[in-house]
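# let me see the structure of the following:
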Amino acid sequence: MNETKPVDTGPWAPFRHRAFAFLWVATVISNVGTWMHDVGAGWLMTELSPSPLVVSLVQAATTLPVFLFAIFAGALADLMDRRKLLISVNLVMAGLAAGLSAMVYLQLVTPTILILFTFLMGICAALMAPAWQAIVPGLVDKPRLGAAIALNSMGINVSRAIGPALAGFLIVSVGLVSPFALNTLSFLGILVVLVCWKPAETRQIMPRERMLGAMRAGLRYVFNSPPVIATLIRAVAFFLFASAYWAMLPLVARTVLDGGAQLYGILLASVGSGAVAGAFVLPRIKARLGADKTVMAGTIGTALVMVSFALMQNPIMAVVASFIAGTSWIAVLSSLNVSVQTALPDWVRARGLSVFLTLFFGSMSAGSVFWGWLAETFSIETTLLAAGAGAIILMIATMRIRLNQGADLDLSPSMHWPEPILSESIEEDRGPVMIRISYRITPENHESFRSLMNEMRKARQRHGAYHWGLHHDSIDHDLFVETWSEGSWIEHLRHHKRVSGADREIQEKVNRLHSGDTKPKVDHLIAVN
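As a prediction, the model looks like this:
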């Protein structure tokens, strides 16, 4: 008797997939360059302008583009070849990095120019972010998805451990242009790997969606998915206050600790080292605590770090605190990322992740500007204490909202809906379409039926339904009619292809309450042209 060999789901198991391994290494190298750029930009701004508000604008210029463009980028990543998208945007980023390097070398950079280049590179990062995250499930098998996401988070923090320390050393020993120049070179590796990578071709069964329609479909799915909404609420509650740490760190190094670029680099390297160490122990921590308590522990750790920066002005203690900050950051970020990934089906994955990234970076941007203003109005120490207290208060307020609600859902296409029977061909863009389903429910099942239909409503709306309604016949009290509309015939056909196993479970529960001799009657009504 043959026994099925168990799948290795350990923390290093995704490296068994060659494409994932090569892309991971190339991404780490590229991110080292990005972190060197960030350190150089942050430190350059402290030389160009000592104002806390202006310095915090560098962080805001990095994160604001993701808030502004992530929804568009998510639809773009779901509609076009993700590999080609990543190659194109990386080429543009390499050009921008080269241009900024030249301007720094020629001493032509002003605060406005630095913020502009940072903003443009942030736009490119925004266009790539959903595509990068959406390709991960295609690089590894499903049991290893959680480990792959954790490794990606660890990779970002490996680069964070190397990049800032290297940047700080190079700024002191070579000059301020060096981190910008090496960032330009760091794009070469990722471009080579992307050009050589040949992902499996996906068969396009139906016509591609239009951009605005695809964006609407993504937003519709997210805001009718309780597991995704729960993750988004927990994310905003954390990132609004955690942004104070990142916005204030250059000023903590220069003003509070009276240090230089090298100390700033060491603090960021300590953050990265803590995150890497956290990645090693995170699987065991999450297995023992679960996602919710892991996020709570990470939030408490981040709050304590900000309080320690405000009260203890010792460089050695600051390095230790930064290590704790890195461990806390990866604990929260990895848990939130896994929670949202497992709540999204493949067809809308990039768009769903783009909403997560929009709120993530929007919270970081808004927080950076607010904390910068607060520090300029009062003090850096007061700002850090306020952010630490706010993080704890909002953690307590949202602790009942659970993560990983989608982990046990079957979100793969179930293909259980039969093709509509037509008497004549229908143009794809004809619509709107009204779908009407008639159920016969005995009185003792009325309450259960209404409860299940609330779940059914969300399922329909996730796939494009609007004007959903449940109607009760005024004479025949056992007759219920469910109706909803969809934009066009092709949108309804897409609904047929996308309805999931989890949706099927709800529908089967409803159908078991139907007391008629045949299945519930389904009618398709199409608007007259």
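# can you give me the domain assignment for this protein?
Domain ranges of the chain: 14-198+211-398, 433-526, per automatic domain parsing.
# and the strand or helix carrying Glu47, what does it pack onto?
Using DSSP states H and E, Glu47 falls within helix 18-48. Using 3 or more Cβ pairs under 8 Å, 6 or more residues apart in numbering; DSSP states H and E as the contact test, the elements touching helix 18-48 are helix 52-79, helix 82-105, helix 111-139, helix 145-173, helix 178-196, helix 226-251, helix 261-311. C-beta coordinates here come from the backbone N, C-alpha and C atoms, glycine included.
# the first one to helix 111-139, inter-axis angle?
What it means is helix 52-79. Using axes from the mean of the first three to the mean of the last three Cα atoms, to 10 degrees, one finds that helix 52-79 and helix 111-139 are set 30 degrees apart in direction.
# list the contacts of stretch 87-104.
With Cβ atoms under 8 Å, 6 or more residues apart in numbering as the test, stretch 87-104 has contacts from 30, 33, 37, 40, 44, 109, 113-114, 117, 120-121, 124-125, 127-128, 176-177, 180-181, 183-184, 187-188, 190-191, 194-195.
# residues of it that come out buried?
88-90, 92-94, 96-98, 100-101, 103-104 (16 or more other Cβ atoms under 10 Å).
# next: stretch 244-264.
Neighbour counts using 16+ other Cβ under 10 Å place 244-257, 259, 261-264 of stretch 244-264 among the buried residues.
# any idea of the mean pLDDT in stretch 62-80?
Averaging pLDDT along stretch 62-80 gives 81.
# sorry, that was for stretch 223-238
On average, stretch 223-238 scores 93.
# also stretch 417-426?
Here the average pLDDT along stretch 417-426 is 73.
# which sections of the stretch 101-250 of the chain are below the confidence cut-off?
142, 146, 157, 160-161, 200-207 (pLDDT under 70).
# rerun that using 80 as the cut-off
In the predicted model of the stretch 101-250 of the chain, residues 133-134, 136-138, 140-165, 168-169, 172, 199-210 satisfy pLDDT under 80.
# out of the helices and strands packed on helix 18-48, which is closest to Asn404?
Nearest of the helices and strands packed on helix 18-48 to Asn404, taken as Cβ to Cβ: helix 261-311 at 4.8 Å.
# any idea how far Glu376 lies from Gly42?
Remark: distance between Glu376 and Gly42 (Cβ to Cβ, to the nearest Å) = 16 Å.
# with neighbour numbers in mind, choose between these two.
Gly42 (28 against 17; other Cβ atoms under 10 Å).
# that one touches Leu57, doesn't it?
No. Counting by Cβ atoms under 8 Å, Gly42 stays clear of Leu57, with 10.7 Å between them.
# gap between Trp468 and Ser485?
Trp468 is 8 Å from Ser485, where distance means Cβ to Cβ.
# ok, how many other residues are close to the residue nearest to Leu249 when sequence neighbours are not counted?
Distances taken as Cβ to Cβ, 6 or more residues apart in numbering put Leu267 closest to Leu249, at 6.3 Å, once the chain neighbours are dropped. Using other Cβ under 10 Å, the number of residues around Leu267 comes to 27.
# my read: Leu267 touches Ala318, true?
Yes. Judged on Cβ under 8 Å, Leu267 makes contact with Ala318 at a distance of 6.2 Å.
# and for these two, which residues touch both?
Val252.
# hang on, Pro420 in a helix?
No. Looking at Pro420 with DSSP: H, G, I helix; E, B strand; the rest coil, it is coil, so not inside a helix.
# what sits against it?
The contact partners of Pro420, by Cβ under 8 Å, 6+ apart, come to 492, 496, 524.
# recalculate using a threshold of 6 Å.
Residues near Pro420 by Cβ atoms under 6 Å, 6 or more residues apart in numbering: His524.
# distance check, it against Ser474.
Distance, Pro420 to Ser474, using Cβ to Cβ: 29 Å.
# try Arg349
Going from Arg349 to Ser474 by Cβ to Cβ gives 44 Å.
# so which of the two has more stuff around it?
Taking neighbours as other Cβ under 10 Å, Arg349 and Ser474 compare with Arg349 leading, 25 against 7.
# excluding residues flanking it in the chain, which one is nearest that one?
Spatial nearest neighbour of Arg349, excluding adjacent residues (Cβ to Cβ, 6+ apart): Ala134 at 4.7 Å.
# surely the one you found touches Arg351?
No. If you go by Cβ atoms under 6 Å, Ala134 and Arg351 don't touch, sitting 8.8 Å apart.
# look at those two and report which has more neighbours.
Between Ala134 and Arg351, counted using other Cβ under 10 Å, the more crowded position is Arg351 (30 against 23).
# and the helix holding Glu47, how far from the chain's centre?
Chain-centre distance of helix 18-48: 19 Å, with Cα atoms, centre = their mean, to the nearest Å.
# go on, stretch 481-494?
The chain centre lies 29 Å from the centre of stretch 481-494; the measure is Cα atoms, centre = their mean.
# what about that stretch, start to end distance?
By Cα to Cα, to the nearest Å, the extent of stretch 481-494 from end to end equals 23 Å.
# element containing Trp373?
Using DSSP H and E, Trp373 falls in helix 349-377.
# next SSE after that helix?
Next along from helix 349-377, by DSSP H and E: helix 380-398.
# what's downstream of that following helix, the next helix or strand?
With DSSP H and E, the next secondary element past helix 380-398 is strand 433-440.
# in that next one, what counts as buried?
Residues of strand 433-440 classed as buried: 433-435, 437-440 (neighbour count, 16+ other Cβ under 10 Å).
# which of these sits closest to Ala13?
Ile435 (43.4 Å).
# hmm, back to that, and the helix holding Glu47 with helix 82-105, angle?
Angle of helix 18-48 versus helix 82-105, following the same axes, to 10 degrees, is 30 degrees.
# show residues contacting stretch 305-322.
Here stretch 305-322 makes contact (Cβ under 6 Å, 6+ apart) with 245, 252, 256-257, 267, 270-271, 324-325, 381, 384-385, 387-388.
# make a markdown table from these and add distance to Pro143 to it.
Below are these laid out as a markdown table (distance: Cβ to Cβ, whole Å):
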| residue | distance to Pro143 |
| --- | --- |
| Tyr245 | 34 |
| Val252 | 42 |
| Val256 | 46 |
| Leu257 | 45 |
| Leu267 | 37 |
| Ser270 | 33 |
| Val271 | 30 |
| Ile324 | 31 |
| Ala325 | 31 |
| Glu381 | 47 |
| Leu384 | 41 |
| Leu385 | 44 |
| Ala387 | 38 |
| Gly388 | 38 |
